[in-house]
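Participant: Need the 3D shape of this:
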Amino acid sequence: MISHLSLGVSDLKRAAAFYDAVLGELGFVRVWTDATAVGYGPPGGNDALALKLQSGPVVPPGPGFQPPAPSATRRR
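Facilitator: Just a heads-up that it's a prediction; the model follows:
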């Protein structure tokens with residue numbers, strides 16, 4: 001099961017400012033930061049979304065891309 005999503009960005013400072021504002025409205029916060037990436041998730045939790053600085057061109061996903069959706073864990 002996929003537990004988080006990482007996105008490549010060409011301008012980390014600009015992307016982080018955008019996601020700080022947008023995800024803050026959804027109840028997520030920045031849970032970690034380093035020189036080349038930032039992570040967002042619920043307060044006190046792990047990251048569900050990471051933005052990672054890319055040195056080369058950043059291209060959008062192609063046809064058929066679907067971001068993961070959380071689901072309940074099944075017990076067997």
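
Participant: Check which helices and strands the helix or strand of the chain with the lowest mean pLDDT is in contact with.
Facilitator: For the chain, counting by mean pLDDT, DSSP states H and E, strand 5-9 ranks last in confidence among helices and strands (a mean of 90). Packed against strand 5-9 by the contact rule (3 or more Cβ pairs under 8 Å, 6 or more residues apart in numbering; DSSP states H and E) you find strand 49-53. The way it works is simple: take the backbone N, C-alpha and C, and place the C-beta from them, glycine included.

Participant: starting at the chain centroid, how far to the strand it packs on?
Facilitator: Centroid separation for strand 49-53 versus its chain: 5 Å, with Cα atoms, centre = their mean, to the nearest Å.

Participant: outside of that strand, which residues touch it?
Facilitator: 4-10, 12, 15-16, 19, 23, 28, 36-41 (Cβ atoms under 8 Å, 6 or more residues apart in numbering).

Participant: Residue 61: neighbour count?
Facilitator: As a burial measure, residue 61 scores 9 neighbours (other Cβ atoms under 10 Å).

Participant: Doesn't it belong to a strand?
Facilitator: No. Counting by DSSP: H, G, I helix; E, B strand; the rest coil, residue 61 is not part of a strand but coil.

Participant: Return the per-residue confidence for it.
Facilitator: At residue 61, the model reports a pLDDT of 79.

Participant: do residue 73 as well
Facilitator: Value for residue 73, per-residue pLDDT: 60.

Participant: returning to that earlier point: filter the contacts of strand 49-53 to the buried ones?
Facilitator: Listed as buried from the contacts of strand 49-53 are 8-9, 12, 15-16, 19, 23, 28, 37-41; burial here means 16 or more other Cβ atoms under 10 Å.
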